[in-house]
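Enquirer: Attaching a predicted model along with its sequence, questions to come.
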Amino acid sequence: MAKHGKKYLEAAAKIDGTRNYDPREAIKLVKETSTTKFDSTVEVHIRLGVDPRHADQQVRDVVVLPHGLGKTVRVLVFAQGDGAALARQAGADYVADDDEIIGKIQSGWTDFDVAIATPDMMGKVGRLGRVLGPRGLMPNPKAGTVIPAEDIPRVVNEAKAGRVEFRVDKTANLHVPIGKVSFDEKKLYENLAALMEAVKKAKPASAKGTYIRRITLTSTMAPGIKVDPAASQSMELPE
């Protein structure tokens, strides 16, 4: 069993491990129990009642968090011609409209957080799957990152504003960041509410029984706080 330091143990002592907290209480606690000197990321871990081995029980979507993630999001766009011009106007950090950046990525360069592509570029982008796939950076129509050129400004702006993709893993869990410990409680609450609404909407039609089974809120290197699944599904969305 891993040995925890004094700060972790002091933080853990503030949490009742047998209790499912109301979302507002859980957010207050996650701020109180952060032990790092840096501004920790607040994450939500959600156990779903789905079987990810079945294609019709995949859970994958995106959510635009109303208060973003508290970090600079670097966006790369694969596009040519008008699409490349729109990407530059929208403030994309990198525009791959020739083979130079594609060559860099083939060599292992991935100094960006989100990749967006127009359909006509997917032939070239497909060759980068070995590099982009394992890092979760591969553009995908289901995630809304393979788009017509006219949608590039909207998607680039959303990505920079706090557009987060979530996807169920092999163990039927979602792991999603919702901001920083330095955010005030209202911002974290509203980001969590937006995420829970998106997760509910992404429920597969074939999922049986209880869909949202367990929710844990945590910050980097801090103990987890269990959140009441029922209360989290009736949170007030921001106006």
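Expert: On my side now, so go ahead.

Enquirer: Would you point out which residue is most central in the protein?
Expert: Nearest to the mean C-alpha position of the chain, counting by C-alpha atoms, centre = their mean, stands Val164 at 3.8 Å.

Enquirer: what helix or strand does that one sit in?
Expert: For Val164, the host element (DSSP states H and E) is strand 163-167.

Enquirer: In its sheet, which strands sit next to that strand, and in what direction?
Expert: Each strand that pairs with strand 163-167, with its direction, by DSSP bridges: strand 60-64 (antiparallel).

Enquirer: So the residue nearest to the centre of the chain is in contact with His67, correct?
Expert: No: assessed by C-beta atoms under 8 Å, Val164 is found out of contact with His67, at 11.7 Å. Glycine gets a C-beta too; all of them are placed from N, C-alpha and C.

Enquirer: circling back to that earlier point, touching the strand holding Val164 from outside, list them.
Expert: For strand 163-167, the external contacting residues (C-beta atoms under 8 Å, 6 or more residues apart in numbering) are 58-65, 69, 114, 136, 143, 145, 155, 174, 176-178, 195, 198-199, 202.

Enquirer: Looking at those residues, which are in strands?
Expert: Taking DSSP state E as the definition of strands, the contacts of strand 163-167 contribute 60-64, 114, 174, 176-178.

Enquirer: Now the longest helix belonging to the chain: buried residues?
Expert: Counting by DSSP state H, the longest helix found in the chain is helix 185-201. By neighbour count on 16 or more other C-beta atoms under 10 Å, the buried set for helix 185-201 is 187-196, 198-199.

Enquirer: Also stretch 206-215?
Expert: Within stretch 206-215, the residues that qualify as buried are 207, 211-212, 215, counting by 16+ other C-beta under 10 Å.

Enquirer: now stretch 156-164
Expert: Buried residues in stretch 156-164, defined by neighbour count with 16+ other C-beta under 10 Å: 156, 158-160, 162-164.

Enquirer: which among the buried residues of helix 185-201 gets closest to Met221?
Expert: Closest approach to Met221 among the buried residues of helix 185-201 (C-beta to C-beta): Leu188, at 17.8 Å.

Enquirer: thinking again about what came up before, is the residue nearest to the centre of the chain bridged to anything, and to what?
Expert: Val63.

Enquirer: Pro148 versus that one, what's the distance?
Expert: For Val164, the distance to Pro148 equals 22 Å [C-beta to C-beta, to the nearest Å].

Enquirer: Just to check, Pro66 is in contact with Ala194?
Expert: Yes: Pro66 is within contact range of Ala194, at 5.7 Å (criterion: C-beta under 8 Å).

Enquirer: Give the intersection of the neighbour lists for those two.
Expert: Pro238.

Enquirer: before we move on, the earlier item: I'd like the buried residues of helix 185-201 laid out as JSON lines, including pLDDT and distance to Lys104.
Expert: Formatted as JSON lines, those follow (pLDDT from 0 to 100; distance: C-beta to C-beta, whole Å):
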{"residue": "Lys187", "pLDDT": "95", "distance to Lys104": "36"}
{"residue": "Leu188", "pLDDT": "96", "distance to Lys104": "36"}
{"residue": "Tyr189", "pLDDT": "96", "distance to Lys104": "40"}
{"residue": "Glu190", "pLDDT": "95", "distance to Lys104": "38"}
{"residue": "Asn191", "pLDDT": "96", "distance to Lys104": "33"}
{"residue": "Leu192", "pLDDT": "96", "distance to Lys104": "37"}
{"residue": "Ala193", "pLDDT": "96", "distance to Lys104": "39"}
{"residue": "Ala194", "pLDDT": "94", "distance to Lys104": "35"}
{"residue": "Leu195", "pLDDT": "96", "distance to Lys104": "33"}
{"residue": "Met196", "pLDDT": "96", "distance to Lys104": "38"}
{"residue": "Ala198", "pLDDT": "94", "distance to Lys104": "33"}
{"residue": "Val199", "pLDDT": "95", "distance to Lys104": "35"}
